[in-house]
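> Coordinates only, no sequence provided:
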């Protein structure tokens, strides 16, 4: 199930930007997302991992105060630590989702329209979509 969920996440990676940029429906956006993912699968996976890993690390760091709270054996401290941890996870989730949205939208706009958003370095965005030579050598 985890592999199926991961595959679904990767295949639907570009759905929202395609819906917004091209003003397409859900089914058309899914088809376009699959096509874009097939063209850029390596970059998409590396980008998701590159964005996700620091947030996983920060979430794990958020467990440290929670563990110390459990060692105190005071319920008020434990409840407060759990509340702070939940708030920490919510904040991390919002920031990670924002980063992922930015990461997906800029290359998707370039792949779809050929234009680079103003806030991004054109060489950086264009470099994400270099033509690959067949045979496995880049």
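Thanks, I have the structure now. Predicted model only: the values in this text are computed from it and were never measured.
> For residue 116, give me the pLDDT.
pLDDT for residue 116: 74.
> Determine the number of other residues adjacent to it.
When neighbours are counted by other C-beta atoms under 10 Å, residue 116 registers 17. Where you see a C-beta, it was placed from the backbone N, CA and C, and this is true even at glycine.
> what's the nearest residue to residue 122 if we skip its chain neighbours?
residue 116 (4.4 Å; C-beta to C-beta, 6 or more residues apart in numbering).
> which other residues reach stretch 19-26?
The contact list for stretch 19-26 (C-beta atoms under 8 Å, 6 or more residues apart in numbering) reads 15, 18, 28, 29, 32, 105, 108, 109, 112, 113.
> Quick check: mean pLDDT of that stretch?
Rounded mean pLDDT across stretch 19-26 is 80.
> Go ahead and confirm residue 72 touches residue 78.
Yes. Between residue 72 and residue 78 there is a contact at 7.3 Å, judged by C-beta atoms under 8 Å.
> Looking at these two, which is more packed in?
Neighbours were tallied for residue 72 and for residue 78 using other C-beta under 10 Å; the higher tally belongs to residue 78 (15 against 11).
> List the residues that contact the most centrally placed residue in the chain.
Geometric centre of the chain, nearest residue: residue 100, 3.5 Å, by C-alpha atoms, centre = their mean. Taking C-beta under 8 Å, 6+ apart, we find residue 100 in contact with 48, 51.
> Okay, and it sits in which element?
helix 75-113 (DSSP states H and E).
> can you check residue 71 too?
Using DSSP H and E, residue 71 falls within helix 63-72.
> Which neighbouring elements make contact with that helix?
helix 75-113 (3 or more C-beta pairs under 8 Å, 6 or more residues apart in numbering; DSSP states H and E).
> What are the buried residues along the helix it packs on?
81, 85, 88, 92, 96, 99-100, 103-111 (16 or more other C-beta atoms under 10 Å).
> and that helix, what's its mean pLDDT?
86.
> Phi, psi for residue 73 please.
When read as degrees, to the nearest 10, the backbone of residue 73 gives phi 60, psi 20.
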